[in-house]
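J.: quick check, what structure comes out for this input:
(one chain, ligands or ions: 1)
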Amino acid sequence: MPWSRATPYGDEICFAAGLFPFRKLSSLSPQEVERLWRATYEALKAAVPVLRQRVGEDIHHKVRDFLQVHGNGGQACPKCGSRITEIRANGRLHNYCRQCQPGSLIGSFAHPARASLAQGSDGRR
Ligand SMILES: [Zn+2]
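T.: Next up, the predicted model:
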């Protein structure tokens with residue numbers, strides 16, 4: 001099962017950890033699990049003060065413009081400058097950098113037809 005389901009923060013955590021967002025949990029090495037854990041902590045630690053300041057009383061107000069990859073398909077990766085890929089899978093939008101988060105979609109989904117690239121945001125399909 002891919003573990004980047006908690007978008008948008010799932011995208012951010014995978015990006016910070018340098019992990020392909022559609023890998024199966026069972027395929028992660030102990031070192032990758034450690035990176036994932038640290039990235040989760042750091043991503044949420046960075047997001048909380050921003051959200052506290054900008055969301056205010058309207059808890060349904062979604063502030064996402066400070067995120068590094070989620071919602072930024074086609075834009076330059078803040079780490080390497082490559083264009084951020086945008087994929088719609090199982091009804092959810094996912095963004096990641098193919099250079100910083102290498103991996104393959106082949107074998108990542110039980111039903112490959114459910115994954116499709118959205119608008120060729122990086123020029124590749
Ligand atoms: Zn990158």
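
J.: sec struct for the closest residue in space to residue 92 that isn't next to it in sequence, please.
T.: Using C-beta to C-beta, 6 or more residues apart in numbering and skipping residues adjacent in sequence, the residue nearest residue 92 is residue 7, 5.6 Å away. Backbone N, C-alpha and C define where each C-beta goes, glycine included. Secondary structure of residue 7, reduced to three states by DSSP: H, G, I helix; E, B strand; the rest coil: coil.

J.: now do the same for the closest residue to residue 73 other than its chain neighbours: helix, strand or coil?
T.: When the adjacent residues along the chain are set aside, residue 73 lies closest to residue 86, with 2.7 Å between them (C-beta to C-beta, 6+ apart). Taken by three-state DSSP, the conformation at residue 86 corresponds to strand.

J.: just give the number of residues close to the residue nearest to residue 92.
T.: Residues near residue 7, counting by other C-beta atoms under 10 Å, number 19.

J.: list the contacts for it?
T.: The neighbours of residue 7, taking C-beta atoms under 8 Å, 6 or more residues apart in numbering as the test, are 70, 92-94.

J.: residue 64 now?
T.: Neighbouring residues of residue 64 by C-beta under 8 Å, 6+ apart: 8, 70-71.

J.: so which residues on the chain come close to the ion?
T.: The chain comes close to the ion at residues 77, 79-80, 82, 97, 99-100, as judged by C-beta under 5 Å from the ion.

J.: adding secondary structure, neighbour count and distance to residue 66, write those out as a markdown table.
T.: Compiled in a markdown table, the residues of the chain next to the ion are given as follows (DSSP: H, G, I helix; E, B strand; the rest coil; neighbours: other C-beta atoms under 10 Å; distance: C-beta to C-beta, whole Å):
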| residue | secondary structure | neighbour count | distance to residue 66 |
| --- | --- | --- | --- |
| 77 | coil | 21 | 16 |
| 79 | coil | 15 | 16 |
| 80 | coil | 10 | 19 |
| 82 | coil | 13 | 20 |
| 97 | coil | 25 | 17 |
| 99 | coil | 15 | 22 |
| 100 | coil | 20 | 18 |
